[in-house]
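# Model the structure of this input:
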Amino acid sequence: MLLRRFAYVWLVWGFLESICLTLGCSLAQAQELAPELAILSIAPESRQARQEVLMVEQAFARTMFARDFKAFSEFIAVDAVFFTGKKVLRGKQQILDGWEHFFEASIAPFSWKPDEVETILSGELASSSGPVYDAKGLQIARFVSIWRKQGDRWQIVFDRGVDICLCKKD
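Model prediction:
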């Protein structure tokens, strides 16, 4: 189904392109005629943004492992919001104040790694999510983070951990 839709979109896009070339309009004007086809020109940028966010999220997670609070702070947007337990931390300073204790021990109390990254088509906002592990390696939660591209860097603007059930299986 997806392949058929892609082939259809390519066919329509080629048709629009040939009409625009004949009439002397640009491909940007063709996209205005059929905005849903803009995905064809934006998709490579979106793929690149997904890879960037994956690498940024991995680097962000390494700050906890490396016990590097200063590096951790560089990833957080000034207007970020972190949902920490029942508490909402608003703004970079509140987040840093609320998270500093996680960096005090020589061993990280938890770790995380992304296993899913998606971006909007413009490549300016992204969501990353994945498992959160306790110090012993047991998965205790999943995180969801929202990243915003600011200039040439990605910064986290929302973060939330969601506990998972550690229920005994029958």
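
# Rounded mean pLDDT for the longest helix that the chain contains, please.
Secondary structure of the chain per DSSP state H: the longest helix is helix 39-66. Averaging pLDDT along helix 39-66 yields 84.

# And for stretch 95-102?
For stretch 95-102, the mean confidence score works out to 97.

# circling back: so how far is whichever helix or strand comes after the longest helix of the chain off the chain centroid?
With elements assigned by DSSP states H and E, the helix or strand that comes after helix 39-66 is helix 69-74. When C-alpha coordinates are averaged (C-alpha atoms, centre = their mean, to the nearest Å), helix 69-74 and its chain have centres 18 Å apart.

# which strands and helices sit next to helix 69-74?
With contacts taken as 3 or more C-beta pairs under 8 Å, 6 or more residues apart in numbering; DSSP states H and E, helix 69-74 sits against helix 39-66, helix 92-99. C-beta coordinates here come from the backbone N, C-alpha and C atoms, glycine included.

# what angle separates the helix or strand following that helix from helix 92-99?
Next along the chain after helix 69-74, taking DSSP H and E as the criterion, comes strand 76-84. Inter-element angle recorded for strand 76-84 and helix 92-99: 50 degrees (by axes from the mean of the first three to the mean of the last three C-alpha atoms, to 10 degrees).

# Which of the residues in the next helix or strand after strand 76-84 are classified as buried?
Sequence order places strand 87-90 as the next helix or strand after strand 76-84, per DSSP H and E. In terms of neighbour count (16 or more other C-beta atoms under 10 Å), strand 87-90 has its buried residues at L89.

# strands paired with strand 87-90, and their directions?
Looking at strand 87-90 with DSSP bridges, its partner strands are strand 76-84 (antiparallel).

# Average pLDDT for the partner strand, rounded please.
Here the average pLDDT along strand 76-84 is 97.

# which residues touch it?
The contact list for strand 76-84 (C-beta atoms under 8 Å, 6 or more residues apart in numbering) reads 88-92, 95-96, 98-99, 148, 150, 155-161.

# Work out the gap between that strand and the centre of the chain.
14 Å.

# can you redo the helices and strands packed on helix 69-74 as JSON lines with mean neighbour count?
Formatted as JSON lines, the helices and strands packed on helix 69-74 follow (neighbours: other C-beta atoms under 10 Å):
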{"stretch": "helix 39-66", "mean neighbour count": "16"}
{"stretch": "helix 92-99", "mean neighbour count": "16"}
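
# if we compare the ones you listed, which one ends up closest to S128?
With distances scored as C-beta to C-beta, the stretch of the helices and strands packed on helix 69-74 nearest to S128 is helix 39-66 (4.4 Å).
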